[in-house]
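>>> Everything below, folded, please.
(chains A and B)
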2 protein chains.
Amino acid sequence: MTGLVLRDQPGPADLAAVGRLTQASGVFSAVEVELAVELLQERLDRGLKASGYHFLFADSGEGAVMGYTCHGPAPLTVSSWDLYWIAVAAADHGQGIGRRLLAATEQRAAALGAAAIYADTSSRPDYARTRAFYDRAGYLKAAELPDFYAPGEAKVIFAKRLL
Amino acid sequence: MTGLVLRDQPGPADLAAVGRLTQASGVFSAVEVELAVELLQERLDRGLKASGYHFLFADSGEGAVMGYTCHGPAPLTVSSWDLYWIAVAAADHGQGIGRRLLAATEQRAAALGAAAIYADTSSRPDYARTRAFYDRAGYLKAAELPDFYAPGEAKVIFAKRLL
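Prediction:
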């Protein structure tokens, strides 16, 4: 993927981008979209350290936000990080945007002291593409909690060691 | 355990009690004590619904707070609840206060729609008593994430179905 510019400083204009990208990714519910936007709002209100929410945006050469991740240190841990959100619009899937964002997020987290990164996802069939994405990126399934999200819908915890 | 009065309405005086109990429980670090108090502060500031933090206190007949739990719906789930904190001063262990608090918390959560409750704890030797406590209360180890909290210190996820 050429022409992408990665950026870790969020601004108020990114609130709309996060809402648009999570919605357009095709898997998140309205409540999840709302929560994703709230995390950015909290970052903008409280700053990086107090919020604990780091962001990485992939901007096109024309300045359009093509995808983003939200990540940060897992509370009460020495060196585990959480990947809270990763989203690319479904129409832009298959261009390597997510892969590049995820790799850059891992590098960024490792540089800030992360020894491992964790990503929670769903066992639902419409998340098969997401699970395959983590698998290809070198993540291992660390745990599965049956019926966690809903009856029949497990939480799948993926993990990748960075050191 | 007789003479305990359970109470689910927190007040500002409970901030000191939560700090004292988590510290006196003997297993929590200073950062964990601080975070436990912050959750109550957020509940007092934002209310039950916006914070999502439910509390249950066990008061002695004389009104001293002997133990407490902090619990609430796990975000983005239909009917899973998290047990965020449970603490009884080490000097008061062995009287069944924790057991009674946990049972009442489960009943309260089930009445509010919880189908299962999850409790994260540590694999550290000084948490052996805590893990045995969950085991006796009917919790099953749902997952273990090696090195999650620190090198050599796993996160152990206990779960109990309530329905």
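
>>> Convert the longest helix belonging to chain A to PDB, keeping the C-alpha atoms and dropping everything else.
Across chain A, the longest stretch assigned as helix under DSSP state H is helix A:30-51. Taking C-alpha atoms only, helix A:30-51 is exported to PDB below (Å, rounded to 0.1, in the frame of the first residue of the first chain):
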ATOM      1  CA  ALA A  30     -24.300   1.100  16.800                       C
ATOM      2  CA  VAL A  31     -23.300   0.700  20.400                       C
ATOM      3  CA  GLU A  32     -19.800  -0.300  19.400                       C
ATOM      4  CA  VAL A  33     -19.500   2.600  17.000                       C
ATOM      5  CA  GLU A  34     -20.600   4.900  19.800                       C
ATOM      6  CA  LEU A  35     -18.100   3.400  22.200                       C
ATOM      7  CA  ALA A  36     -15.300   3.700  19.700                       C
ATOM      8  CA  VAL A  37     -16.000   7.500  19.300                       C
ATOM      9  CA  GLU A  38     -16.200   7.900  23.100                       C
ATOM     10  CA  LEU A  39     -12.700   6.500  23.500                       C
ATOM     11  CA  LEU A  40     -11.400   9.200  21.100                       C
ATOM     12  CA  GLN A  41     -13.400  11.900  22.900                       C
ATOM     13  CA  GLU A  42     -11.900  10.800  26.200                       C
ATOM     14  CA  ARG A  43      -8.400  11.000  24.600                       C
ATOM     15  CA  LEU A  44      -9.100  14.500  23.300                       C
ATOM     16  CA  ASP A  45     -10.600  15.600  26.700                       C
ATOM     17  CA  ARG A  46      -8.100  14.000  29.100                       C
ATOM     18  CA  GLY A  47      -4.900  13.700  27.000                       C
ATOM     19  CA  LEU A  48      -2.700  10.700  26.300                       C
ATOM     20  CA  LYS A  49      -1.500   9.800  29.700                       C
ATOM     21  CA  ALA A  50      -4.700  10.200  31.700                       C
ATOM     22  CA  SER A  51      -6.900   8.400  29.100                       C
END
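
>>> That one close to chain B?
Yes. Judged by Cβ under 8 Å from any Cβ of the partner chain, helix A:30-51 and chain B are in contact via A:31-32, A:35. C-beta here means a position set from N, CA and C on the backbone, and glycine is covered the same way.

>>> Just the buried ones among these, please.
Neighbour counting by 16 or more other Cβ atoms under 10 Å in any protein chain shown classes A:32, A:35 among the residues of helix A:30-51 next to chain B as buried.

>>> Need the residues of helix A:30-51 next to chain B in JSON lines (columns: distance to A:Leu83 and pLDDT).
Output for those, formatted as JSON lines (distance: Cβ to Cβ, whole Å; pLDDT from 0 to 100):
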{"residue": "A:Val31", "distance to A:Leu83": "19", "pLDDT": "95"}
{"residue": "A:Glu32", "distance to A:Leu83": "14", "pLDDT": "96"}
{"residue": "A:Leu35", "distance to A:Leu83": "15", "pLDDT": "97"}
